[in-house]
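J.: This is the structure alone, sequence omitted:
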């Protein structure tokens, strides 16, 4: 049986390693999602083509149906991506991990402090 990936940090593990593992898991989920979307599109195309070949729907209607299904899939995919993004942000908040904005703000403060230190060192 597959085991669940650990999300909690172990005693000897650094935050960076934990973040790296988390990003790798997210990357795999996104790749799986993309793969599923491609398979779904191929299945939709195959279904519509079979219906047209059997004469159950006209070719014109088949193209229209295909377009409608693809638009619906795009909207649903956008909604799922938005939900994933919100959930991911929620997970990061619970893990108390700094955001990119937090890191950039600290970087700016460090730069400003370094300049002040350099100015104080001048005779």
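T.: Great, that's in hand. Note that this is a predicted model, so its numbers are computed, not measured.
J.: Could you use CA atoms for every contact and neighbour count after this?
T.: Fine.
J.: how near is residue 62 to residue 52?
T.: Remark: distance between residue 62 and residue 52 (C-alpha to C-alpha, to the nearest Å) = 6 Å.
J.: likewise residue 115?
T.: Residue 115 is 71 Å from residue 52, by C-alpha to C-alpha.
J.: go on, residue 63?
T.: Applying C-alpha to C-alpha, the value for residue 63 to residue 52 is 9 Å.
J.: before we move on, what about residue 117?
T.: For residue 117 relative to residue 52 (C-alpha to C-alpha), the value is 75 Å.
J.: any idea which residue sits dead centre in the protein?
T.: Centroid-nearest residue in the chain, with C-alpha atoms, centre = their mean: residue 30, separated by 5.3 Å.
J.: Please tell me how far it sits from residue 88.
T.: In this view, residue 30 and residue 88 are 12 Å apart by C-alpha to C-alpha.
J.: Residue 120 now?
T.: Distance from residue 120 to residue 88, by C-alpha to C-alpha: 43 Å.
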